[in-house]
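Predicted model and sequence below, questions to follow.
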Amino acid sequence: MTSNTLDTAIERSEQAAASIERTPERHRMLTGDRPTGDLHIGHYLSSLRSRVALQDRGVDSFVLIADYQVITDRESVGRITDSTLSLLTDYLAAGLDPARSTIFAHSAVPQLNQLMLPFLSLVTQAELQRNPTVKDELAASNRPLSGLLLTYPIHQAADILFCKADVVPVGKDQLPHVEQARVVARRFNGRYACGVEIFPEPVALINDQQIVLGTDGRKMSKSRGNVIRLADTEDETAKVIRKARTDSQTTISYDPERRPEIANLLTIASGYTGRTPAVLADEVGSGGSSALKRLVTDAINEGLRTHRQRRGIFADDRAQLLEILRDGNARAEAVAARTLAEVREVMDMTY
Ligand code: TRP
């Protein structure tokens with residue numbers, strides 16, 4: 001993505017955010033996650049809580065569990081129902097309300113998936129191969145490029161366009177996909193609908209929460225033991241933070257360049273307290289690493305107390321979780337069926 005495209009995307013995002021402030025009810029958001037395992041504090045800070053805020057402000061909300069996407073970069077889906085329900089549990093615990101937000105799995109909505117066929121006709125192989133996110137995922141997967149990995153940005157365009165979402169809250173890594181969805185919408189309207197706007201061009205709502213790293217300063221990953229999961233207990237959280245990497249200086253300061261591990265811990269505490277990392281650093285000051293770790297542990301455990309309590313209640317009721325998901329699937333299906341009917345109509349395929 002060139003810096004020019006990025007600037008334009010940021011500008012569009014800011015305009016959309018301002019419009020949401022003024023008239024939330026005029027917007028529909030869609031976003032989602034792959035069910036690959038338990039969510040951690042990074043997910044909570046960078047995406048979960050801002051989605052809940054959009055819902056609470058009155059934006060019509062769709063949240064998708066991207067279960068087919070799990071097989072873009074791995075051999076098998078593993079225990080997909082468990083991962084899906086665990087993701088749903090965190091959505092509910094964070095405050096997504098199934099009465100106001102449509103939470104669903106994209107594999108359960110055939111009409112959404114069928115949009116992929118006309119959409120695939122609108123892009124070239126070269127465009128797909130240029131997609132930076134596809135390239136990164138291919139490099140990370142250690143596998144030959146599958147047809148699904150190559151085309152998944154188009155599947156994701158179907159995720160977004162089936163419900164005609166106009167805003168898509170995502171991190172910067174997902175921008176190429178939203179760009180791709182914009183291209184698909186534009187070309188569909190031009191080529192198959194004589195310029196009638198069947199699909200609005202969606203706008204990425206870019207979240208600017210600083211990326212949170214693991215407690216060793218590297219990317220969070222289960223195998224490194226540097227992750228704090230939303231499902232962890234307060235004691236487990238304290239234990240991971242106790243082992244967090246710091247440095248030998250006795251006074252705490254916020255210096256992302258020279259003291260990245262300390263800065264990361266301060267960023268986490270900042271996320272949960274609402275105070276800036278620099279202010280928190282001053283507060284800890286000569287208390288050093290042990291005082292910092294206490295502060296971070298308390299910030300996370302207090303910040304997540306309600307979430308974890310609610311999580312425990314939902315997690316114990318698998319039947320209820322399945323019922324909530326099925327209800328969301330049915331609502332998404334009704335929306336997708338209307339869109340597919342419209343698509344068939346403009347494509348002259350109603351028999
Ligand atoms: N690709 C996203 C991720 O890996 C998940 C996702 C699937 C998504 N479909 C989407 C995000 C549609 C936003 C809109 O996190």
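Perfect, thanks for sending it.

now could you export just the CA positions of the helix or strand encompassing L30 as CSV?
Element membership of L30 [criterion: DSSP states H and E] is strand 28-33. Taking C-alpha atoms only, strand 28-33 is exported to CSV below (Å, rounded to 0.1, in the frame of the first residue of the first chain):
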residue,chain,number,x,y,z
ARG,A,28,-23.9,-0.1,9.4
MET,A,29,-20.7,-1.7,10.5
LEU,A,30,-19.3,-5.1,9.7
THR,A,31,-16.2,-6.6,11.2
GLY,A,32,-15.0,-9.9,12.3
ASP,A,33,-12.3,-12.2,13.5
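
now the helix or strand following it: how far from the chain's centre is it?
From strand 28-33 onward toward the C-terminus, using DSSP H and E, the following helix or strand is helix 41-43. Centroid separation between helix 41-43 and its chain, computed with CA atoms, centre = their mean, to the nearest Å, is 10 Å.

so what does helix 41-43 touch, helix or strand wise?
Other elements packing on helix 41-43 under the criterion 3 or more CB pairs under 8 Å, 6 or more residues apart in numbering; DSSP states H and E are absent; no helix or strand qualifies. The C-beta positions use only the backbone N, C-alpha and C, and glycine is treated the same way.

need the helices for the stretch 251-351 of the chain, in chain order.
Counting by DSSP state H, counting those that start in this stretch, the stretch 251-351 of the chain has these helices, from start to end: 260-273, 277-284, 288-303, 305-315, 318-346.

Number of residues surrounding the spatially closest residue to F199 that is not a sequence neighbour?
The spatial neighbour of F199 that comes closest, neighbours along the chain excluded (CB to CB, 6 or more residues apart in numbering), is A185 at 3.8 Å. Burial measure for A185: 22 neighbouring residues, criterion other CB atoms under 10 Å.

same check, this time on the one 10 residues further on
G195: 8 surrounding residues under other CB under 10 Å.

Show the contacting residues for it.
Counting by CB atoms under 8 Å, 6 or more residues apart in numbering, G195 makes contact with N189.

Check Q55 too.
Q55 makes contact with S61, G95, L96, D97, R100, S101, according to CB under 8 Å, 6+ apart.

And it, how far from the ligand?
Q55 sits 15 Å away from the ligand when distances are taken as CB to the nearest ligand atom, to the nearest Å.

With Y152 instead?
8 Å.

Can you tell me the closest non-neighbouring residue to that residue?
In space, Y152 is closest to T72, 5.0 Å off (CB to CB, 6+ apart).

Does the one you found touch L138 like I think?
No: with contacts counted by CB atoms under 8 Å, T72 stays clear of L138, the gap being 9.5 Å.
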